[in-house]
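Asks: Got a sequence here, can you model it:
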Amino acid sequence: MNPAPKTPFFCFKSPFANLQQQQSPQEQSSTNHCSWDTPWLLKPLLNLGTAAANLFNSANSTGNPLQSSKQKQLGFSSAEEEQRSFAAALASGKEATVLEFYSPNCRLCNSLVTFVNEVGNRNADWLSIAFADAESDQWLPELLHYDIKYVPCFVLLDKQGKALAKTGVPNSRLHVIAGISHLLKLKRPQKP
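Replies: Residues are numbered from 1 along each chain as shown. The predicted structure follows:
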């Protein structure tokens, strides 16, 4: 005689356990005798929690907006591409180069991408812009050389690659934009 399995008096099953484990119904009945459906009051919270978790996971998987999809397809390291871009900017012979140190996880840095690209396009005749991921070990010599302790940080370089100035500690987006404006005024060619 097989005795019927005893059902526990208390059920310690989490309402979120179904999200963590996906088992077949036969496995669930053999391993867990608790069958607890989420109370109707908690279902909206469960749905909200699931939506928040999915949003968080999708935001983390999007990666760096500064890295192009072509670089991802070709398999190049972001830092290698950035260093090639920096070398090309210095070799271009333009009056100045702005090197932006950023972090892929920095919201302020990501919010400045379009502004920095617009500034680069507007001043393309005398200015080159390059990006450097401050979290990459390959940029460590430049981080130490230019004394970068915060992001975003913009360094203005002359034709020879000598640092002329850098922006201060970023307090807000407007503060950073004003700092970039002051950097550009230092080297902007005078119009006749």
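
Asks: Secondary structure of Pro141: a strand, I assume?
Replies: No. According to DSSP: H, G, I helix; E, B strand; the rest coil, Pro141 belongs to no strand; its state is helix.

Asks: Next one, pLDDT for it please.
Replies: Per-residue confidence (pLDDT) for Pro141: 94.

Asks: number of nearby residues for it?
Replies: A count of nearby residues for Pro141, using other CB atoms under 10 Å, gives 9. All C-beta atoms are positioned from the backbone trio N, CA, C, and that covers glycine.

Asks: now it: how far from Tyr102?
Replies: Separation of Pro141 from Tyr102 (CB to CB, to the nearest Å): 17 Å.

Asks: got it, and Asn110?
Replies: 8 Å.

Asks: Which of these two has more residues huddled nearby?
Replies: Using other CB under 10 Å as the criterion, Asn110 and Tyr102 rank with Tyr102 on top: 24 against 16.

Asks: Please tell me how far the closest residue to that one other than its chain neighbours sits from Ala165.
Replies: Excluding its sequence neighbours, the residue lying closest to Tyr102 (CB to CB, 6 or more residues apart in numbering) is Cys109, at 3.8 Å. As defined by CB to CB, Cys109 lies at a distance of 19 Å from Ala165.

Asks: Also Glu81?
Replies: According to CB to CB, Glu81 and Ala165 sit 26 Å apart.

Asks: more neighbours, the two?
Replies: Glu81 (17 against 14).

Asks: What residues does the residue nearest to Tyr102 make contact with?
Replies: Glu100, Tyr102, Ser103, Val151, Pro152 (CB atoms under 8 Å, 6 or more residues apart in numbering).

Asks: who touches whichever strand or helix holds the first one?
Replies: Element membership for Glu100, per DSSP states H and E: strand 96-102. In this structure, residues lying in contact with strand 96-102 by CB under 8 Å, 6+ apart are 66, 86, 89-90, 109-110, 112, 116, 120, 126-134, 139, 142-143, 146, 148, 151-159, 161, 164, 180, 183-184, 187.

Asks: can we see that at 6 Å?
Replies: Outside strand 96-102, the residues within contact range by CB atoms under 6 Å, 6 or more residues apart in numbering are 89-90, 109, 127-132, 134, 148, 151-157, 187.

Asks: cool, and stretch 134-149?
Replies: The contact list for stretch 134-149 (CB under 6 Å, 6+ apart) reads Ala79, Phe101, Ser103, Ala132, Val151, Val155, Ala163.

Asks: swap the cut-off to 8 Å and go again
Replies: Contacts of stretch 134-149 (CB under 8 Å, 6+ apart): 77-80, 82-83, 99, 101-105, 132-133, 151, 153, 155, 163, 166.

Asks: which ones among these are found in strands?
Replies: Applying DSSP state E to the contacts of stretch 134-149, the entries found in strands are Leu99, Phe101, Tyr102, Ala132, Asp133, Cys153, Val155, Ala163, Lys166.

Asks: Out of those, which end up buried?
Replies: Buried members of the ones in strands among the contacts of stretch 134-149, counted by 16 or more other CB atoms under 10 Å: Leu99, Phe101, Tyr102, Ala132, Asp133, Cys153, Val155, Lys166.
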